[in-house]
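Asks: fold the following.
(chains A, B, C and D)
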Amino acid sequence: MADQIVPTDAPVGAGAGLLPAQGVSARRAVTLGLVAGVVAVFVSANGMVSEFAERDVIAELSLGVLWVLMIPLIVGSLAGQAPAVLQGFAAPRPGWRNPAGGALAGLLAAVVMAAFILLIDAVNVRDVLINVRPDLVETEPRLLTFGQGVGAGVALVLAVYAALGALGGALHLLPDRWRRAVVAGVVWLIVMGVLSSLVSQVLRGIQSTTNIWTAPLADALYQGGALTAPAAAVVFVVGAGLYLLLTRPRRTPARVRVRRLPDRSQRIVRVATLAVALLLLGLLPQVLGPFLSDVLNFAGIFLLMALGLNIVVGFAGLLDLGYVAFFAVGAYTAAVLTSPQSSLGVGWIFWAAIPFVVLAAAVAGLLVGTPVLRMRGDYLAIVTLGFGEIARLLFLSDWLKPIFGGAQGIIRVGDVPLAPGVEAGGAQPRLFFYVVFTFVLLAAYISYALQDSRIGRAWMAMREDELVAETMGVNIVAAKLWAFVIGAILAGFGGALFAAKVGSVFPHSFEVIVSITVLVLIIVGGIASVPGVVVGALILVGLPEILREFEEYRFLLYGALLIFMMVRRPEGFIPNTRRVTELHEQELQQDAWLRAKETE
Amino acid sequence: MSGHRSLVAPAVISVIALIAAACAPDDEEAAPEEFSPGPLGAVTVAPDDPIMIGVIQAISGDTASLGVDQVRAIDLAIADRGGELLGHPVETQVEDDACLAEGGTTAAQALVANPQVMGVLGTSCSGAAVPAMEILAETGIATISGSNTSPALTSDLEGTQGAANQPGYFRTSHNDVVQGQAAAEFAFTELGAQRAATIHDGDPYTEGLATAFGTSFTELGGEVVLATAISKGDTDMRPVLTEVAAATPDIVFFPIFQPEADFIVQQAKDFPALAETQKMMGADGLLSDTFVVIPQTEGMYFSGPATPTGSAYEDFVAAYQAEFGEAPIQAFHAHSYDAANMLMDAVEEVAVEEDDGTLQIDRQALMDQLYATEDFEGLTGTLTCDEFGDCADPKIDIVQNTAEQQTIDQVRGNVLFTFEPGE
Amino acid sequence: MTTRPVLELRRVSAHYGPIQVLREVSLQIQPGEIVCLLGGNASGKTTTLKTILGYVVPTHGDVVFDGQRVNGLPTQRLVALGLSMVPENRRLFQRMTVRENLELGCYLRMDRAEIAADLDRVFTLFPRMADRIDQRAGTLSGGEQQMVAVARALMARPKVLLMDEPSMGLAPVLVEQNFEIIRQVNQQGTTILVVEQNANMALSIADRGYVLQTGAIVLAGSARELLDDPQMRAAYLGEM
Amino acid sequence: MAETPLAPKGPLAARRVLQLPLVDGFLWVVRISAVVVIVVGAYNSLTSGRLSGQQWRDLIVFGIAQGSIYGLIALGYSMVYGVLRFINFAHGEVFMIGAMTGYYVSSALSGTALWRSAPFAGLFVVLLCCMTMSALVALGLERIAYRPLRGKPRLIPFITAIGASFFLQYTVATLFGVDVKAYPAVPVLDGSISVGGFRILRVHLLVIVAAVVMMIALYFYIEKTRAGRAMRAVAEDQETARLMGIDVDRTIARVFAVGGAMAGAAGLLFGLVFQNVNFFSGFLPGIKAFTSAVLGGIGNILGAMVGGLTLGSVESLGPSLVLSGLDIPAAHQLKDVVAFSALVLVLIFRPTGILGERVGGERG
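Replies: This is a model prediction of the structure:
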C-alpha cells in the first residue's frame, strides 16, 4: 500500500504547483450589502433607532445611531473577507480588494437606506408603520441623515456607509491576530458602553464588600450612563491588549502544562483550582450586590431546571415541552406546605417540605411519563406541552381554588432557614444565592454521576436507537420513567426555590414560555453538555434581565439571536464532545476520510 | 476522576456552608452621631445630593399603559414642587416589573440595592406588589401604590388583615371590595337585577373583582346564577356565552380586559338572551377608547374609580397634556399623583436637617407619619389612611356608554351612579 | 478511443471545508462502454460520484458531460441532460406504487407517447414487473425491487447510467443476477458507470476500470489489464 | 433522512413495552376512568336540561367552525412535517401575518364601491392578498432559517423555529404596533341561516365551506398533480427524489408556500369570524393547530382536517357536556384541559393519531 500521503500541514504560500486562490467575491459583497441595507431599514422602521436615540453609549454616540453605524462596519468586514484557504491553493494575498469589497457592500446598504429616507420624506407611512418617527428624517435630531437635510443627508449616508464598509474590509489587511485584537477591542467597547449600569453596580459592589477602591473607577468610566471619550480609548486599548496578551504565541496552555505534571501534583492543582473557584463563587454575591445576586438566583433556578431537562432531552432524547408542569408542582407543593395562608395552613419550614416536593414531582413525572411511553418525537412534544398547560390551568382553576388559591395564588411562602435565626428568602438575595448554588451543584453532580452510570449509558443507547438499545438489554420502560422522574425532581427543586424566592406563587409564572426557555437554553448552551447548560442559562436568562431597558426589542433580538445561533453554531456554546459529531455530518465524513488516510 | 467525585460533593457543601455562615448579612448602616435612627434605620442625604424616590411600575408588556401613565403623574407631582424638596433635588429610580410577581422581586431588589431610596411609589399590579412588599418591608421602605386593589394587600375593610399585608404598605387606589360593592349595588338596586352571571379571565384582578361582586350581590339578596371564567388568549366565546345565555341572567358582569372582552361583546349579539347590551357590565379595565368604539358596547355599563373633578384636577390634566402630548390613558394617574404628594409631604414632616445641610429621613418615622395621614386633600378626594394602609377616598362611578357618547372621556362623564362607602 | 467521451472528468479537485478530498481526478467514459470506478472506503469514490451529480462543486478542473461543462450544475439539470443513477440500496419510494415509481423516473420528460413506448420496453426487459405495476413498491421482494430501481432509472432515457454499489447488501445470487441485468441494459445501448468496492465482480462485466485511492486515480486501464495488475491483485482482489 | 428499511419500526417496540403488566394496567385504568368520566358527565349534563337541544346543536356548529380554522392552519404543519419531519413552530405567526394582511387590505377596501356592490369579490381580493403574503413569509422563513439546517438533528430547526416565531411576532409588534386591530364590518356575513335544525351563522358557513373547498383542492394537488407527486417523493426520500430530476429545494419551498397560503386563508377567516387581530393572535391558534395535526395523524393531509374538527368540537362541547355535568365550576376555563386530555386519550388508544400512518412520527 505504498501511497504518497500529502501532509495536511504542508506550508501554503508561494509553493510551486499551488493553484491561485480565489479573491474577495464581488457578488457576495453585493448580496451582503443589500441584506445589510434591509436590516438597517428594519431597525429604523421598527423604532429601535429612535427609541435609543437618547441612550448614550460612548460619549455623544447614542445606542440608536450605533445600531445604524455598526451595520455597514460589520457588513464591510464580512464582504471584505477572502474565502477560506483551501488545501492545495495559495493563500490569497490581502490587497485593495478587501476594502473595495467592504466599500461596495457599505455603499449598497447606503443605497437601500437612501431609498428609505427618500420614501419616508415623500410619503407619510406612519399610519401603517407606526414607529417611523419624525425624528428619523424630518425633525431634529434627524437620526438617519446625521442631522442634515434630505439632500445632503443622502449624500452623507452614501459616503459614511461606504467609508465604514471600507474600514471593515480594510481590517483584513491586518495580520490575523491583530485584526482579532481590534475586533476584541471594539466588542469590549460596546459591551462596556451598553452594560454601563451593570458595570458601575459591580464596581461599587466590589468596593462596598472588599474595600478595594473601585467606585471612583466607575465615575471615571461613565458619565450619564455613557463611556467618556478617554475612557472609551482606554477600554479599547485594554480590550485589544488583553486579547494580544492571552493569545501570545508559543505560550503553552495551562491545561497542557498541568497535564505534564506528575499525578500527585495534578491532583493538588485540581483541588486547589476547585477550592479557589468555590471561594470566588462564594464571594460572588457579596461583590455583585443584591440586585445582580437576585438576577443570578433567577438564572440559577432556571439552570437547575435546565440541568433536569438536559437529562430528559439531552441524555434520554425525550423531547419534553411541558417541563414547566414539574416546576409548578414543586412550587405549589412547597407553597402549600410552607405557607400559613394556604389551604393546609401548616406553615412547615422549607426543608420539611422538600421530601414532599420530591415525592410530588416524582409522582407527576410518572403520571406524565407513563402515557407517553409509546410516543416518540413530535407526538411526545405536543403531548407533554399539553400536560404543561393542563397543570397550569388546574392550578389556576376556580375548581381547585380551595386547594391552590386559583388566580390569587398562594402567598407567604416560607423562607429557607439556614441556621437558627438565619433565613434566606427573596429579600436576602445574597444569602439565597448559597441555597440556589447548593441545589445547582447537587444537580450538576447528579448529572455528571448519571452520565457515566449504567442508566446514563442506557439513555444514550436509547437516544440513538430505541430498538437497538432494547436488543442490547436496556429496559426501555424503566429508562424512560427514570428520566422523567429525575428530570421532574430537579424541576421540582427549582419550583420550590422559586416559591421561596418570590415568596408567593401565582399560576401566571408557569406558562408554556418557561418550558420553551429552558429547552432553548440547553440547546443553545450545548445539548447534553453540563458546562454548556450553565453558560446557556447565564446568558439567556441573565442577559435579558440585565437588558431590561430594551423592552419589547428584547424578544426581537432574542428571536434573531436564536436563528443566528442555530444557523451558525448548531452545536451550542459549549458542545458535548460526544454529540458534536452527530451534528456535523460533513465533518464526520471528513474525519473518516482523514482517519482512513492515516491508516493507509 | 470518578473516584474523586464522591468526595467533591460533601466538600463543596461544607465549603458553602462555611461561606454562608461567614457572609451573613451585614446591611446595617453606620449611624451618624447627632441623629439616632429608629429600628429601621434612616436615609442620609448629603448636602446637594438628591432625594431618591423609587418607582416600580409596569412599563413594558401588555399592561404598559397602566404604568407609563403613573410614572408620568409622579414626574408631574415632583415638577409641581419645582423638582425640589427641603432644598434637595428629587430624583426617581424607575424599575419595570412587567406586572409579574418575578418582575416585582427583581424591581424591588434593584431599589433596595440603592441605600438612598427613601420611599417607593408602586406597583401597578397587585400580583407584583406581594413579593415586592416582602423585600421592601424587610428594608423598611415605605411604599404607596396608586393602582393596587387586591384586598389581600390591606384588609377586607371589615377589620381582617389581608394575608399579604406588610408594614409600610399604603395605597391611594380603592380596595376591590369597594368596587365589587358598587357594581353589585348598582345592578341590584338601580337596575333591579335579581340574577347575575360573572366572567373572569384568570387574572388575579378580574377574579378578585368578580368574586367581590358576587359576594356583595348575594348579600344584597340577588342570586349569582353562573360564575364562570375564560382563559386569556381565548377568541371563541360562543361556547361559554351559550352557557351564560342558558342561565338567563339579568346582568353579566365581566370585569376583564381587551381583547377577550371585545370577543365577548361582539359574539354576544348572536345570542337573543344576551343581545340587549344593557345586560352587560364591565369594569375600569375596559374604559378605553378602543373598547367603547365597538358598536356592540352601546348601552353597556362600566364601573370604575370616579374621575376626579375640580380645578386642581383640570390643571393637572392640562399640565399632563402639555408635557406628554396626550391625555392621561388609564384611570389611576391621579391616584399616583396623590401618592407622590403624600410621600413628599410626609418627608417634609419627618426629615431632620443637620447643621451642614445633611438630611436624615428616619424610615420608621416616615412610615408612622404616613399611617397618621388624615384628611389629605388630593386630586382623588380626601385621603385618610387606616391601620392596614388603605388611604383612598373611594368613589366608584357607574357609567354607561350610550349612542351619544363618542369618546372615552364622554363615556366617563356619563355617570349614572356614584358609590361612596359609609354614606 | 476515437469518439468523443460522453462523460469526462478533467483534473477535478474537490474539498470538504479546507480539506482536499479529490486530487486532480481524470476519467473518461466513451458511449456504449461499461466503466467501473473501484476503491475502498473513503477512497473518494462517493465524492467523485457526488461531483458528477453536481452535489459537490469542483474547486478545480471540469466535469464534462456530453460536450458541456457541467461543474456543480444542479442535479435536476444533469438528469435533464441525460444522467441517471441507480442509488445504493435501491431506494425505491416504498409508499408509492411501482407505476408511480416509474413515472417519477421520467419526471422531467413531457413526451407522453414516448414514455408509453419506454414503459413497454421496460416490461419486455423485466416481464414480471407488468403484474406488479399497481402494487406498492415496499411490498416487493428484494430482487424485484432491484429491477424496479433499474427500470426507474432507465425511464429517464439516460445517456449515461450511474450505478452506485450494485452489489451492496445483496445475497450472492442476487448480486449475480444484478450484474446480469447491468450487462443486458448495456447491450441495449446504455453507457454505464459502475462504482463498486467488489472489484472482481465489477471487472467481470466492465470494459475498463479506474482505481481511486485517497482521492486520486492510482490505476487505470482495461478490465483485463487491471485484473492482471499485480498491485491490483494484492490490494483488491484478495490475493496475498 | 432516509429510513433504513431493515430496522423494524416503532409499534413493534411499543408492543414490547406494553407487555409490562404495570404500565399496561395503568393505561387501562386511565382509559376506563376516562370513559366513565365522559359517560357520567355527559349523562348528567344531558338529563339536567340546563341547555336546550338548540343550544347543544349550536355548540356543535361552533365547534366545527372553530375546528375548520384549526384544520386549515394544521395543513401547513402537516405538510411541512411530512416533508421535513420537523415542527415549524413559526407557522402560527405565518397565520397571524395572514390575518394582519387581511386587516390592512380590507380596511383599505372597506370604503370602496367594490366592497359595497360586490362584497364577495372584495373578500376574494383580500383572500388572495392574505394567501400571497403568508406564502411569501413562509418562503422567506424556509430560505433564511430552515434551508441552512437541512439534515441537522430535528431539535435544531425546531429551536430556530421558536426563534423565528418570536422574531416574526415582535417584527409585527414593532413595525405595526401592539394594539388590537379591528376588522371592518362585512354586512353580508351578518346573521344566520337554518339548515336541518342547525342554526349556522353566515360567517361560520363561509369558514366551513372555504375549509372544505381548500382541503379538497389541496388533496387533489398532492395526489393527482405532477408537483404533488414530487412533494410526496421528496417527503419519502430527498436524495432519490433529486436523482429523479426533482428540484428538491424548489419542491420544499413550494410546500412552505402552499402551507403558508393555507395559513393565510385561515388568517383571513379568523379575522372575519373574530373581527380582531393583534401581533400575538397567532400563538395560541398555532399551538392548537399543531395539536390538531398530531391528533389527526401528523403528515396526513386529511388527518389535519379531521384533527382540527375533532379538537374544535371537543373544545366547544367538552366543558359544557362533561365538566359541567360533573359540577365543576367555571368549566370553560378548563377548555384547554379538555382539549389536551382528549389528545392524550386519543394517543393512548391510537399512538399515531386518528388517521396516522405507521411511519409517521417515528425516528425520534
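Asks: now C:L108. Nearest residue, chain neighbours left out?
Replies: The shortest distance from C:L108 to any non-neighbouring residue, by Cβ to Cβ, 6 or more residues apart in numbering or on different chains, is to D:G245 (4.0 Å). All C-beta atoms are positioned from the backbone trio N, CA, C, and that covers glycine.
Asks: my read: the one you found touches C:Q76, true?
Replies: Yes - counting by Cβ atoms under 8 Å, D:G245 does reach C:Q76; the two are 4.6 Å apart.
Asks: identify the contacts common to the two.
Replies: Here D:G245 and C:Q76 have C:L108 as joint contacts, going by Cβ atoms under 8 Å, 6 or more residues apart in numbering or on different chains.
Asks: what mean pLDDT would you report for stretch B:261-268?
Replies: Mean per-residue pLDDT for stretch B:261-268: 91.
Asks: circling back to that earlier point, contacts only, for the residue nearest to C:L108.
Replies: Contacts of D:G245 (Cβ under 8 Å, 6+ apart): C:T75, C:Q76, C:V79, C:A80, C:Y107, C:L108, C:A156.
Asks: how near is it to C:R77?
Replies: Taking Cβ to Cβ, to the nearest Å as the measure, D:G245 falls 9 Å from C:R77.
Asks: how near is the closest residue to chain C within the stretch 201-350 of chain D to chain B?
Replies: Residue of the stretch 201-350 of chain D nearest chain C, by Cβ to the nearest Cβ: D:G245 (3.4 Å). Using Cβ to the nearest Cβ, to the nearest Å, D:G245 is found at 46 Å from chain B.
Asks: next up, phi/psi of that residue, please.
Replies: Per-residue torsions, D:G245: phi 90, psi 10 (degrees, to the nearest 10).
Asks: distance of it from C:A80?
Replies: 6 Å.
Asks: intersection of neighbour lists for those two?
Replies: Counting by Cβ under 8 Å, 6+ apart, the residues touching both D:G245 and C:A80 are C:L108.
Asks: near chain A, which residues of chain C?
Replies: C:13, C:15-21, C:23, C:40-43, C:59-60, C:213-214, C:218, C:235 (Cβ under 8 Å from any Cβ of the partner chain).
Asks: filter those down to the buried ones.
Replies: Neighbour counting with 16 or more other Cβ atoms under 10 Å in any protein chain shown marks C:13, C:15-16, C:19-21, C:23, C:40, C:42-43, C:59-60, C:213-214, C:218, C:235 as buried within these.
Asks: D:I287: which of those residues is nearest?
Replies: Nearest to D:I287 among these is C:Y16, at 40.2 Å by Cβ to Cβ.
Asks: the closest residue to B:A212 other than its chain neighbours: helix or strand, and which one exactly?
Replies: Nearest residue to B:A212 in three dimensions, chain neighbours excluded: B:G180, at 2.5 Å (Cβ to Cβ, 6+ apart). B:G180 is part of helix B:176-185, with elements assigned from DSSP states H and E.
Asks: circling back to that earlier point, got a pLDDT number for the residue nearest to B:A212?
Replies: What the model reports as pLDDT for B:G180 is 92.
Asks: that one and B:E207 touch, don't they?
Replies: No - using Cβ under 8 Å, B:G180 is not in contact with B:E207; the gap is 11.5 Å.
Asks: and those two? which has more neighbours close in?
Replies: Taking neighbours as other Cβ atoms under 10 Å in any protein chain shown, B:G180 and B:E207 compare with B:G180 leading, 28 against 24.
Asks: ok, now which ones touch the more buried one?
Replies: By Cβ under 8 Å, 6+ apart, the residues touching B:G180 are B:L209, B:T211, B:A212, B:F213, B:G214, B:T215, B:S216.
Asks: just among those residues, which is most surrounded?
Replies: Most neighbours among the contacts of B:G180, by other Cβ under 10 Å: B:F213, with 30 neighbours.
Asks: got a pLDDT number for that one?
Replies: pLDDT recorded at B:F213 is 94.
Asks: with the one 5 residues further on instead?
Replies: According to the prediction, B:T218 has pLDDT 95.
Asks: now for it, how many residues are close by?
Replies: Using other Cβ under 10 Å, B:T218 has 14 other residues around it.
Asks: what sits closest to it if chain neighbours are left out?
Replies: Closest residue to B:T218 apart from its sequence neighbours, by Cβ to Cβ, 6+ apart: B:V224 at 6.1 Å.
Asks: burial count for A:R264?
Replies: Applying other Cβ under 10 Å, we find 8 residues neighbouring A:R264.
Asks: any stretches of the chain with poor pLDDT?
Replies: Just so you know, I chose chain A. A:1-22, A:209-210, A:250-253, A:546-549, A:551, A:577-600 (pLDDT under 70).
Asks: actually, chain C is the one I wanted.
Replies: Low-confidence segments of chain C, defined by pLDDT under 70: C:1-2, C:236-240.
Asks: how is it partitioned into domains?
Replies: For chain C, the structural domains run C:1-82+C:158-240, C:91-157, going by automatic domain parsing.
Asks: which one of those domains lies closest to B:Q360?
Replies: domain C:1-82+C:158-240 (69.3 Å).
Asks: report whether the closest one contacts chain D.
Replies: Yes - against chain D, domain C:1-82+C:158-240 shows contacts by Cβ under 8 Å from any Cβ at C:L53, C:P74, C:T75, C:Q76, C:V79, C:A80.
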